[in-house]
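Enquirer: what's the 3D shape of this:
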Amino acid sequence: MEAGADGVTHLHYDEVISDDLITRMREQGMFVITTLAVTASGASDGAGPRLGADLRVASRLNTAWRDNLGREFAWNARLSNALRSVGLLHAAGVEVLAGTDAAHLGAPGLAHGASLHDELRLLEAGGLSPVEALTAATRRTADRFGLTDRGRIEPGASADLVLVDGDPTSQLSSTLNTRAVWRRGHRLAPG
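Expert: This is a model prediction of the structure:
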């Protein structure tokens, strides 16, 4: 913050964020990418093994990612502190964004793409509504990083879409029920 950063990633979990830090972040206009899925992977709440066993997820991952998602990583993270901090940040008006830090193979209990479903679940557990969690993973993140051609459904956008069975605006777990995916307006082959 003192260096003038626009935002931070990896919300700390050793203690609940202080009111002073929240106030300073809000005043500076900072964002927080919470990476709750990482914290959960080091706590008893890690969803990686559960997601790895879910056919809706496992059927879309290659063996290496599926195996990595199923690995447990016990490092005594305190997810409850991170969830409480998310709620406080959100209530104070600090911009909360979704991110998993699962971009590379090797972080136990995580898989690129798949872990975002758990990140959404955890954002909701931290106090965001389903719509706010979805927006934190789409439009808000795109806007924050100046990606004006994505994160929204409107003329001129890149037409990256996911069709799911169910209503994720009221039941976030519906995001796991993927029926079809479009990337830049082209429907991808299933699988």
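Enquirer: From residue 70, how far out is residue 141?
Expert: 27 Å (CB to CB, to the nearest Å). Any C-beta I mention is one placed from the backbone N, CA and C, and that applies to glycine too.
Enquirer: quick one: average confidence on the lengthiest strand in the chain?
Expert: The longest strand of the chain (DSSP state E) is strand 178-183. The pLDDT scores in strand 178-183 average 91.
Enquirer: so what strands line up beside the helix or strand just after that strand?
Expert: As assigned by DSSP states H and E, the chain's next helix or strand after strand 178-183 is strand 186-187. Note on strand 186-187: by DSSP bridges, its sheet partners are strand 178-183 (antiparallel).
Enquirer: what does the strand it pairs with rub up against?
Expert: Contacts to strand 178-183, defined as CB atoms under 8 Å, 6 or more residues apart in numbering, come from residues 56, 60, 159, 160, 161, 162, 163, 164, 165, 187, 188, 190.
Enquirer: buried stuff in that strand?
Expert: Across strand 178-183, burial judged by 16 or more other CB atoms under 10 Å covers 178, 181.
Enquirer: same check, this time on stretch 6-24
Expert: Using 16+ other CB under 10 Å as the test for burial, stretch 6-24 gives 7, 11, 13, 16, 17, 21, 22.
Enquirer: ok, longest helix in the protein?
Expert: helix 79-92 (DSSP state H).
Enquirer: For that one, buried residues please.
Expert: Along helix 79-92, these residues count as buried under the neighbour rule (16+ other CB under 10 Å): 79, 81, 82, 83, 84, 85, 86, 87, 88, 89, 90.
Enquirer: what does stretch 158-168 give?
Expert: Neighbour-count burial for stretch 158-168, counted by 16+ other CB under 10 Å, picks out 158, 160, 168.
Enquirer: same thing with stretch 21-37?
Expert: By 16+ other CB under 10 Å, the buried positions in stretch 21-37 come out as 21, 22, 25, 30, 31, 32, 33, 34, 35, 36, 37.
Enquirer: now, which of those lie within helices?
Expert: The helices, defined by DSSP H, take in 21, 22, 25, 36, 37 from those.
Enquirer: Pipe the residues you listed into CSV and attach pLDDT and distance to residue 117 per row.
Expert: Output for those, formatted as CSV (pLDDT from 0 to 100; distance: CB to CB, whole Å):
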residue, pLDDT, distance to residue 117
21, 95, 29
22, 96, 27
25, 96, 27
36, 91, 12
37, 88, 9
